[in-house]
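In: Provided below for reference: sequence and predicted model.
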Amino acid sequence: MAAIESAKDSTLRYAFGNVLAFFILVLIGVLAFSIRIFSVIKYESVIHEFDPYFNYRVTQFLIKNGIYDFWNWFDDRTWYPLGRVIGGTVYPGLTLTAGTLWWVLNSLNIPLSVETVCVFTAPIFSAFAAWATYLLTKEVKGTGAGLTAAVLLAMVPSYISRSVAGSYDNEAVAIFALIFTFYLYIKTLNTGSLFYATLNAIAYFYMVCSWGGYTFIINLIPMHALLCIVTGRYSSRLYIAYAPLVVLGTLLAALVPVVGFNAVLTSEHFASFLVFIIIHVVALAYYIKGILTPKMFRVAVTLVVSVGLVVCCAVIAVLVALVASSPTKGWSGRSLSLLDPTYASKYIPIIASVSEHQPPTWPSYFMDINVLAFLVPAGIIACFLPLSDASSFVVLYIVTSVYFSGVMVRLMLVLAPAACIMSGIALSEAFAVFTRSIKFQLPGLAQISEINAGDTSSDGVVAQNDVVKTEVEDLPKERPSRKNKKKEKEREKENVEKVSIKKQVEKRLQVLPMEASFIALLLLVLLGAFYVDDVLNDVHCVWAAAEAYSAPSIVLTSHSHDGLHVFDDFREAYAWLSHNTEVDDKCAFTAGFLIDLVALPANPKPVPVASWWDYGYQTTAMANRTVIVDNNTWNNTHIATVGTAMSSPEKAAWEIFNSLDVKYVLVVFGGLVGYPSDDINKFLWMVRIGGGVFPHIKEPDYLRDGQYRIDNQATPTMLNCLMYKLSYYRFVETDGKGFDRVRRTEIGKKRFKLTHFEEVFTTHHWMVRIYKLKAPKNRIRGKSLKSKSKASSTRSSNRSGTRKKNPWH
């Protein structure tokens, strides 16, 4: 009877624990969503940053025109005059997800706009990511660790920075896909279920659709499989978890147009294929071991290993032959930058110029993961007590993510889930020790805790006996007699009692003094409180969500003694472009008469706007104007052409832009209001990128004794380049001195005129300035023999062809 009552009590406790865990997970989801909508509450429902505007524009096109037109969409508004095939150059996961959400909501008669759905996609998936973290950590260390890791991920600033409302970028859904793929891999590893293995491949496919960071998955999982094989932890469950993922996942990844045959041809994927061969060789060896005698097995192993080595060498030779012709050996530029942090600065300045590709500083770790940085080592130690296949995977995950986050600050986002998992494990184990210490020493709870310990230990023994039985079942058995059956039952009871006593003794040894346990629990609670919101310093997670990461870059704010100031110059400039320039040349005048529009070509010539590539996506999405370059950065030569024009004198720059049919030039200037991310601060990257393609642009020409200056000590090349003139034209009229608040100095060249460009619009705070190219002057014939010869040569060249000469060669 006592056993039945204790079983009922444990069942009730288990059911109550599941219900409580469910409600806690609901609250964690609400917390993850609500902490990310400060941007909407404090500002407005608007898309943030630069890349999200392209994703928003693509989502609008998908919803309006359908999936088939989306795959075949050729966008002539970007990279003029080349254009861009959108369906084959974009990761469609985010767009398809938001489009599906919009369709479902409208099918339920919830008429939300496309922009609203895009704004709230990231907060919704942050809740999904927290739940996926719970599932993953639960498979490793139990429910308590899973709940702790989930609540930590819901508030970690590193993830908040990429998932606030309005941050409509690929990482909004990719982090959920990353964690969920890892969960299904560990679930398959623990259960050996082919069903979960299939789901794992589908989750990996969704990750491939969502973000280029899927290569992290297809390299981390093979590393773990190889680690298990080397350490002697191979099992059939490992084979089921790994082999279907490589086969089915690779086939599904090849269906994504932006990936295609790169899933089998690039070096980022070769590690998975090599481990795939190794695991089959090991599986064959284990199979042969089960059907042969030890002597025959040694002979067979020699043969299998020899054949396996030959096959591996052949595959490696084929792979080497495939990648030998590539200058980067089959690796992408970003992958090489991760393996060699100096690669981008040496060979690909366009990658090094992006701020999120720079290595992080030590304070950024404390800003983005805060106290989790100190809990991670404790979590790693807890994973080794005891070490399992699942815990070894999360240890490998944290080690690799720490390295990659140290190379590129953007990958702090990949480190955040690993840090939350390890910290959740550490906190859960610490709470278990401290609460158990209190239970064993309180008079009323001591007996209950001992009974619970005995129950759990007996369950563990039963599980161990089950494993032993399954292993013994395959061996031939003799029918035991009744006496032997009785003896076996008595031995089992004795073993259970001995193990339960041993477990209780071990738990007794882990008991700490009650005072120390209470103090430690109090310190852990205070640690969590400081992680959530430090009242003294107004940090950390709540402050990061409300202040540091909620302000949209399209609308800037600043606080001063006279109140809040709002800088809406970007939208002001894009609105001016949209209302005061034409999308296309829709009509023409000749001899005072209007040519009939029917006589014009079907596709009239666009009016491109030139700017640095950072503002391309916003110009196309918000102003609906054609741009020369944008944030896709797929054509380095095109970007170098714009950089060369900005680095050249005014006349040479006019010739370059005129050859590209540019009508307007947009520059961002922060010298008046103190905005540091302006084009003057980015100018050296324009010089480096331009000089990488056009050698006559040399960085030392713009430096004075190795220093970048814009004052009276600046070089003549710097003072006469187009970027300097477009930024500081009429700037001296603002205060009479021309004092730059970003560079904290007076400019060198204050009063000058523009001969080939004219200012057409400057925003209220001078943050965005727009210039128009002046039309070429009429030629005056007969002034001199030289002019006649030039005119004749010009006429002859016009007769031979209408193609314009390249002015920058």
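Out: Okay, I see it. Numbers count the residues shown, from 1 in each chain.

In: how many neighbours does Ile350 have?
Out: Neighbourhood size, Ile350 [other Cβ atoms under 10 Å]: 20. Backbone N, C-alpha and C define where each C-beta goes, glycine included.

In: mind listing the strands for the chain?
Out: Ranges of strands within the chain are 74-75, 84-85, 556-560, 563-567, 589-590, 593-594, 609-610, 664-668, 703-704, 707-708, 739-740, 745-746, 757-762, 768-773, based on DSSP state E.

In: with mean pLDDT and mean neighbour count as extra columns, can I get these in JSON lines?
Out: Putting those into JSON lines (pLDDT from 0 to 100; neighbours: other Cβ atoms under 10 Å) gives the following:
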{"stretch": "strand 74-75", "mean pLDDT": "92", "mean neighbour count": "15"}
{"stretch": "strand 84-85", "mean pLDDT": "92", "mean neighbour count": "16"}
{"stretch": "strand 556-560", "mean pLDDT": "80", "mean neighbour count": "12"}
{"stretch": "strand 563-567", "mean pLDDT": "82", "mean neighbour count": "11"}
{"stretch": "strand 589-590", "mean pLDDT": "33", "mean neighbour count": "8"}
{"stretch": "strand 593-594", "mean pLDDT": "35", "mean neighbour count": "8"}
{"stretch": "strand 609-610", "mean pLDDT": "92", "mean neighbour count": "26"}
{"stretch": "strand 664-668", "mean pLDDT": "95", "mean neighbour count": "24"}
{"stretch": "strand 703-704", "mean pLDDT": "92", "mean neighbour count": "15"}
{"stretch": "strand 707-708", "mean pLDDT": "92", "mean neighbour count": "12"}
{"stretch": "strand 739-740", "mean pLDDT": "92", "mean neighbour count": "19"}
{"stretch": "strand 745-746", "mean pLDDT": "92", "mean neighbour count": "16"}
{"stretch": "strand 757-762", "mean pLDDT": "95", "mean neighbour count": "16"}
{"stretch": "strand 768-773", "mean pLDDT": "95", "mean neighbour count": "21"}
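
In: I'd like those strands written out as a markdown table, with distance to Pro695 added.
Out: A markdown table is the format used below for the strands of the chain (distance: least, Cβ to Cβ, whole Å):
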| stretch | distance to Pro695 |
| --- | --- |
| strand 74-75 | 32 |
| strand 84-85 | 28 |
| strand 556-560 | 38 |
| strand 563-567 | 39 |
| strand 589-590 | 43 |
| strand 593-594 | 48 |
| strand 609-610 | 22 |
| strand 664-668 | 24 |
| strand 703-704 | 17 |
| strand 707-708 | 21 |
| strand 739-740 | 31 |
| strand 745-746 | 31 |
| strand 757-762 | 26 |
| strand 768-773 | 26 |
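
In: can you tell me how far Ile41 is from Leu105?
Out: To Leu105, Ile41 is 21 Å away according to Cβ to Cβ, to the nearest Å.

In: and for Ile770?
Out: Distance of Ile770 to Leu105, computed by Cβ to Cβ: 38 Å.

In: likewise for Glu733?
Out: To Leu105, Glu733 is 51 Å away according to Cβ to Cβ.

In: between the two, who's got more neighbours?
Out: Counted by other Cβ under 10 Å, Glu733 and Leu105 do not tie: Leu105 has more neighbours, with 14 against 10.

In: ok, now which ones touch the more buried one?
Out: Neighbouring residues of Leu105 by Cβ atoms under 8 Å, 6 or more residues apart in numbering: Pro111, Leu112, Val117.

In: 6 Å instead, please
Out: For Leu105, the contact set (Cβ atoms under 6 Å, 6 or more residues apart in numbering) comprises Leu112.

In: and it, what pLDDT?
Out: pLDDT recorded at Leu105 is 94.

In: kindly report the same for Arg479.
Out: At Arg479, the predicted lDDT confidence score is 44.

In: ditto for Pro111
Out: In this prediction, Pro111 carries a pLDDT score of 89.

In: and it, what are its phi and psi?
Out: With angles defined as degrees, to the nearest 10, Pro111 sits at phi -80, psi 80.

In: count of residues packed around it?
Out: For Pro111, the tally of surrounding residues (other Cβ under 10 Å) stands at 9.

In: excluding its backbone neighbours, what's nearest it?
Out: Nearest non-adjacent residue to Pro111, counting by Cβ to Cβ, 6 or more residues apart in numbering: Leu105, 7.9 Å away.

In: in stretch 65-78, what counts as buried?
Out: Judged by neighbour count using 16 or more other Cβ atoms under 10 Å, the buried positions of stretch 65-78 are Phe70, Trp73, Asp75, Arg77, Thr78.

In: got JSON lines for these, with distance to Val687 too?
Out: Output for these, formatted as JSON lines (distance: Cβ to Cβ, whole Å):
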{"residue": "Phe70", "distance to Val687": "38"}
{"residue": "Trp73", "distance to Val687": "35"}
{"residue": "Asp75", "distance to Val687": "29"}
{"residue": "Arg77", "distance to Val687": "28"}
{"residue": "Thr78", "distance to Val687": "24"}
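
In: closest to Ala516 out of those residues?
Out: Phe70 (62.0 Å; Cβ to Cβ).

In: check contacts around that closest one.
Out: Contact partners of Phe70, counting by Cβ under 6 Å, 6+ apart, are Leu62, Gly87.

In: and for Glu582?
Out: When contacts are counted by Cβ under 6 Å, 6+ apart, Glu582 touches Val607.

In: now the helices for the stretch 551-700 of the chain?
Out: 569-580, 616-618, 636-647, 650-659, 679-693 (DSSP state H, counting those that start in this stretch).

In: adding mean pLDDT and distance to His561, write those helices out as JSON lines.
Out: Listed next are the helices of the stretch 551-700 of the chain as JSON lines, based on pLDDT from 0 to 100; distance: least, Cβ to Cβ, whole Å:
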{"stretch": "helix 569-580", "mean pLDDT": "93", "distance to His561": "22"}
{"stretch": "helix 616-618", "mean pLDDT": "91", "distance to His561": "32"}
{"stretch": "helix 636-647", "mean pLDDT": "93", "distance to His561": "37"}
{"stretch": "helix 650-659", "mean pLDDT": "93", "distance to His561": "41"}
{"stretch": "helix 679-693", "mean pLDDT": "92", "distance to His561": "27"}
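
In: with mean neighbour count added, can I get these in a markdown table?
Out: A markdown table is the format used below for the helices of the stretch 551-700 of the chain (neighbours: other Cβ atoms under 10 Å):
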| stretch | mean neighbour count |
| --- | --- |
| helix 569-580 | 18 |
| helix 616-618 | 26 |
| helix 636-647 | 24 |
| helix 650-659 | 20 |
| helix 679-693 | 21 |
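
In: wait, which of those is closest to Ser391?
Out: Closest to Ser391 of these is helix 616-618 (Cβ to Cβ; 42.3 Å).

In: can you count the residues close to Asn262?
Out: 16.

In: my read: Ser647 touches Leu722, true?
Out: No: the pair Ser647 / Leu722 is not scored as a contact, 7.5 Å apart, by Cβ atoms under 6 Å.

In: of the helices of the stretch 551-700 of the chain, which approaches Gly670 most closely?
Out: Taking Cβ to Cβ, helix 679-693 is the member of the helices of the stretch 551-700 of the chain nearest to Gly670, at 7.8 Å.
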